[in-house]
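**Q** After the sequence you'll find the predicted model.
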2 protein chains.
Amino acid sequence: MAAEPVLDLDRQLCFALYRAQRALTRAYAPLLEPLGLTYPQYLVFLRLWAEDGQRVNDLGDCLSLDSGTLTPLLKRLEHRGLVERRRDTADERVVRIYLTDAGRALRTKAKKVPVALAGLAGFDLDKPKGVNALAGLRDELTALATRLEHASDAKPR
Amino acid sequence: MAAEPVLDLDRQLCFALYRAQRALTRAYAPLLEPLGLTYPQYLVFLRLWAEDGQRVNDLGDCLSLDSGTLTPLLKRLEHRGLVERRRDTADERVVRIYLTDAGRALRTKAKKVPVALAGLAGFDLDKPKGVNALAGLRDELTALATRLEHASDAKPR
DNA sequence: TGTTAATAAATTGTATACAATCTAATTGAC
DNA sequence: GTCAATTAGATTGTATACAATTTATTAACA
């Protein structure tokens, strides 16, 4: 199709990644709709359910998101009564995020989400084969992300 | 860390995919900066360099993007003189996208991009091992995206 | 043929992403 | 102790994504 194989869209890892990520986010939407969350909001809750009262930067480090993304996202969650944003009394620069009862309550509903999604993605988690396939792909992607993040660091300008 | 392994962020394929995709887009930015393109804009050019004069919907099908994303993106490219948007004379509903000379000229610079990025991503394309690793991951992601897209179709609502 | 259904883009509204800048608070060097 | 660097978030501005609606055009068919 393309005269230059190097520029052939279908051959590129990059596009496959871009496409898969968006397909995944779209697949999440109906599963998260009962929780009233978007996918990035769900990721924030995954972190908060694991550890309450984190700083905005803690969340940012975990999720690779900066305050430009997190601040408005967290404000929306606060406005809906799912979290509270409180200044740290010891260091007034820091804002800590606390779950409200409503935010904690979402966790019960959320437990169904990962399994449902694995099903949509075609991984049979009841069999070792499915678990390993998922884990293998996940580890490859994590390694790729790490390499790419370090590559950006290495050449700062 | 998390009490519920199922909800542990680090274990999830979904987050690995989300993170890798954004790391990739950020890694592209400095490579595309000489072309003055964002990553989605670059994808549009990949398609246009392969085949000029495509309809907006053709691009949308290839890239899994709808007119809500493409229309403003294409208008920005038109405004910068890189493409032309022309109504199809046979069917006035259709808008076709044509490269300008400036848009075609970008292709020369673009040829360096995929190889440079493969390097940043840690794939050595000079060795079969690197090529196979890239192709394998790409194919897994494409298959995953296809499954997820069909899964969404299957449950309309 | 006249009207309805379908189609292609555009538009609207909401929610990310992210670079760059700004502000307030804290550290550190001296 | 004071003032320059640093740090944490917030803000600003641009560019996606995408659902939902709208508009214009074409196709279909009773």
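**A** Nice, I can see it. Quick caveat: nothing in here was measured; it's all calculated off a predicted structure.
**Q** Could you list the contact residues of chain A toward DNA strand D?
**A** A:18, A:22, A:25-26, A:29, A:55-57, A:60, A:66-68, A:70-72, A:74, A:85, A:91, A:93-96 (Cβ under 7 Å from any atom of the strand). For every residue, glycine as well, the C-beta is placed using N, CA and C.
**Q** near DNA strand C, from these?
**A** Within the residues of chain A next to DNA strand D, those near DNA strand C by Cβ under 7 Å from any atom of the strand are A:25, A:66-68, A:72, A:91, A:93.
**Q** Buried only: go through those residues for me.
**A** Neighbour-count burial (16 or more other Cβ atoms under 10 Å in any protein chain shown) applied to those gives residue A:25.
**Q** which intervals of chain A have sub-threshold pLDDT?
**A** A:1-5, A:152-157 (pLDDT under 70).
**Q** would you list every one of the strands in it?
**A** All strands of chain A, identified by DSSP state E, fall at A:54-55, A:83-87, A:95-99.
**Q** who does the first one pair up with?
**A** Spelled out, it's strand A:54-55. Partners of strand A:54-55 in the sheet, by DSSP bridges, are strand A:95-99 (antiparallel).
**Q** Pull out the buried positions in the partner strand.
**A** Here strand A:95-99 shows A:95-97, A:99 as buried, counting by 16+ other Cβ under 10 Å.
**Q** Tell me the one of those nearest chain B?
**A** Ranked by distance to chain B (Cβ to the nearest Cβ), these are led by residue A:99 at 13.5 Å.
**Q** need the contact list for that closest one.
**A** Neighbouring residues of residue A:99 by Cβ atoms under 8 Å, 6 or more residues apart in numbering or on different chains: A:48-49, A:52, A:82-84.
**Q** near chain B, which of those residues show up?
**A** Counting by Cβ under 8 Å from any Cβ of the partner chain, residue A:49 from the contacts of residue A:99 sit close to chain B.
**Q** which pair in the contacts of residue A:99 spans the largest distance?
**A** The span of the contacts of residue A:99, defined through Cβ to Cβ, is set by A:49 and A:84 at 15.0 Å.
**Q** Which one of the strands of chain A lies nearest to residue B:120?
**A** strand A:54-55 (30.4 Å).
**Q** thinking again about what came up before, give the residue from residue A:49 and residue A:84 that has the larger number of neighbours.
**A** Set residue A:49 next to residue A:84 and count neighbours by other Cβ atoms under 10 Å in any protein chain shown: residue A:49 wins out with 21 against 15.
**Q** In space, what's closest to the more buried one - neighbours in sequence excluded?
**A** Nearest residue to residue A:49, sequence neighbours excluded (Cβ to Cβ, 6 or more residues apart in numbering or on different chains): residue A:107, at 5.0 Å.
**Q** The closest residue in space to residue A:37 that isn't next to it in sequence: neighbour count?
**A** Once flanking residues are discounted, residue A:37 sits nearest to residue A:45: 6.8 Å by Cβ to Cβ, 6+ apart. A total of 22 residues lie near residue A:45 under the criterion other Cβ under 10 Å.
**Q** Ok, residue A:9 next?
**A** 19.
**Q** wait, doesn't it sit right on residue B:45?
**A** No - Residue A:9 lies out of contact with residue B:45 (Cβ atoms under 8 Å); the separation is 10.0 Å.
**Q** Find the centremost residue of chain A, please.
**A** Against the mean C-alpha coordinate of chain A, by Cα atoms, centre = their mean, the closest residue is residue A:43 at 4.3 Å.
**Q** Could you measure from that residue over to DNA strand C?
**A** Distance, residue A:43 to DNA strand C, by Cβ to the nearest atom of the strand, to the nearest Å: 8 Å.
**Q** just to revisit the earlier point, residues touching the residue nearest to residue A:49, list them.
**A** A:45, A:49, B:7.
**Q** Return the subset of those lying in helices.
**A** A:45, A:49 (DSSP state H).
**Q** Could I get the contacts of residue A:107 in CSV, plus columns for distance to DNA strand C?
**A** CSV is the format used below for the contacts of residue A:107 (distance: Cβ to the nearest atom of the strand, whole Å):
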residue, distance to DNA strand C
A:45, 11
A:49, 17
B:7, 18
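**Q** for the contacts of residue A:107, which one is nearest DNA strand D?
**A** residue A:45 (17.0 Å; Cβ to the nearest atom of the strand).
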